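*Asks:* task: produce atomic coordinates for the following.
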Amino acid sequence: MIIPIDAQAAISDLSRFDTIVDARSPSEYAEDRLPGAVNWPSLDDEERANVGFEYTRVSPFRAKKHGAAIVARNVAAHIDRHVVDKPPGWAPLVYCWRGGKRSGALATVLDQIGFRVHVLEGGYQAFRRAVVVELEMLPARFAWRVVCGPTGSGKSRLLAAIARAGGQVLDLEAIANHRGSVLGLVPGSAQPSQKAFDTALWHALRALDPARPVFVESESKKIGELHVGEALVQRMRTSPCVWLELPIEARVALLIDEYDFFVADVNAFCARLDALRTLRGNGVVEAWQQAARSGEIAAVVRDLLDVHYDPIYHASLWRNFGGVDAPLATLRWDGDPASLAAAAERAIAAAAFARPK
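*Replies:* Numbering: from 1, shown residues only. Below you'll find the predicted structure:
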């Protein structure tokens, strides 16, 4: 049985489907997809491009015949590879770009086998519209507690410690695969697309419990190349804060530990520093690069904090986050995991007594 289902009904509980099948091409799937979806393309990227060229430049009828033959072979391969072991009660959700021909071809064969097949009406486009709408609505459901503190104070580590202690966190940098500064992109590890970031953020927000406060780091509107939605940004900026402190030498050590790939590849570190030439001038940046190449990484990191990161962060923080003037708690730790765990416990306790916004 083929059962059409609209996007809102589908995303209300994606776990009801045994498998979520994306019938689009691999490149479409790579850009973004429904959470947990697997890719069974009706046409791969090259096949899709060739059929599209034939449709516009030769003959729509001829292109449809050609495309149908390719789709039939691909669907058969997916059945052989993925479906032969599925039990009679298997109930997948199938979608393509607009919920049309590519998902319909696969759904028809699965229906003829006897499976209960759901097809997403409007396809990925309808899902994307639903995500965009919900990203504007979801942040208002939660009581946010914003973790503030200078660069290298361990804000991301505090979020992880809060989670281990049973608190609720939203780690935007983890979702964005970026550490939130000009040095924040991990070499060899690309950020997701904006659409994939939005979907992952939406999925994370839907998993949160509105009855409990949510800790989040004091991010800007952009994390690397990705934009954080305005609704979430505004909620963060008007929410209570906790302030995290770490002695300067421990901050330097923490940053060297977290950015160890720059210690291992000084040339990559120096290349990344080039991005600061406009703000700090050629002479300053070249001095940092020369010191780094001479093995003085710790001195460069200390100077980066003093000259660049701390002044910019403090100016931005006091301009954008109203709760930083009177934080719920000032959390001090010394770089030791036990003191970080204690700080996490204090953060959770302080958050519980904050007035809801």
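
*Asks:* care to break this protein down by domain?
*Replies:* By the assignment in automatic domain parsing, the chain contains the domains 2-133, 143-352.

*Asks:* in TSV, list these along with mean neighbour count and mean pLDDT.
*Replies:* Heads up, the C-betas are built off the backbone N, CA and C, glycines and all. Below are the domains of the chain laid out as TSV (neighbours: other C-beta atoms under 10 Å; pLDDT from 0 to 100):
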stretch	mean neighbour count	mean pLDDT
domain 2-133	17	96
domain 143-352	17	94
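
*Asks:* where's Ile162, which helix or strand?
*Replies:* Using DSSP states H and E, Ile162 sits within helix 155-164.

*Asks:* other SSEs contacting that helix?
*Replies:* strand 144-148, strand 168-170, strand 214-217, helix 337-352 (3 or more C-beta pairs under 8 Å, 6 or more residues apart in numbering; DSSP states H and E).

*Asks:* with just CA atoms, put the third one into CSV.
*Replies:* In other words, strand 214-217. Output of strand 214-217 as CSV, limited to C-alpha atoms (Å, rounded to 0.1, in the frame of the first residue of the first chain):
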residue,chain,number,x,y,z
VAL,A,214,19.4,24.4,28.0
PHE,A,215,23.0,25.5,28.1
VAL,A,216,24.5,27.0,24.9
GLU,A,217,27.8,28.8,24.1
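
*Asks:* strand partners (parallel or antiparallel) of it?
*Replies:* Paired neighbours of strand 214-217 in the sheet (DSSP bridges): strand 144-148 (parallel), strand 168-170 (parallel).

*Asks:* quick check: what element follows that strand along the chain?
*Replies:* Defined by DSSP H and E, the subsequent element after strand 214-217 is strand 222-223.

*Asks:* over to the shortest one?
*Replies:* Sequence order places helix 172-176 as the next helix or strand after strand 168-170, per DSSP H and E.

*Asks:* so how far is that next one off the chain centroid?
*Replies:* Here the centre of helix 172-176 is set off from its chain's centre by 5 Å, with C-alpha atoms, centre = their mean, to the nearest Å.

*Asks:* helix or strand next in line after that helix, which one?
*Replies:* For helix 172-176, the following helix or strand on the C-terminal side (DSSP H and E) is helix 194-206.

*Asks:* show me how far that following helix is from its chain's centre.
*Replies:* On C-alpha atoms, centre = their mean, the centre of helix 194-206 falls 6 Å from that of its chain.

*Asks:* which other helices and strands contact the longest helix anywhere in the chain?
*Replies:* Secondary structure assigned by DSSP state H gives helix 60-78 as the longest helix of the chain. Helix 60-78 is packed against helix 45-57, helix 101-113, with contacts defined by 3+ C-beta pairs under 8 Å, 6+ apart.

*Asks:* with distance to Phe353 added, can I get these in a markdown table?
*Replies:* A markdown table is the format used below for those (distance: least, C-beta to C-beta, whole Å):
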| stretch | distance to Phe353 |
| --- | --- |
| helix 45-57 | 54 |
| helix 101-113 | 51 |
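
*Asks:* closest to Ala275 out of the ones you listed?
*Replies:* helix 45-57 (32.9 Å; C-beta to C-beta).

*Asks:* export the closest one to PDB, keeping only CA atoms.
*Replies:* Output of helix 45-57 as PDB, limited to C-alpha atoms (Å, rounded to 0.1, in the frame of the first residue of the first chain):
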ATOM      1  CA  ASP A  45      24.400  12.400 -10.700                       C
ATOM      2  CA  GLU A  46      25.800  11.600 -14.100                       C
ATOM      3  CA  GLU A  47      22.600   9.800 -15.200                       C
ATOM      4  CA  ARG A  48      20.500  12.600 -14.000                       C
ATOM      5  CA  ALA A  49      22.600  15.200 -15.900                       C
ATOM      6  CA  ASN A  50      22.500  13.100 -19.100                       C
ATOM      7  CA  VAL A  51      18.700  12.600 -19.000                       C
ATOM      8  CA  GLY A  52      18.200  16.200 -18.300                       C
ATOM      9  CA  PHE A  53      20.400  17.200 -21.200                       C
ATOM     10  CA  GLU A  54      18.500  14.900 -23.500                       C
ATOM     11  CA  TYR A  55      15.100  16.200 -22.200                       C
ATOM     12  CA  THR A  56      16.000  19.900 -23.000                       C
ATOM     13  CA  ARG A  57      18.200  19.500 -26.000                       C
END
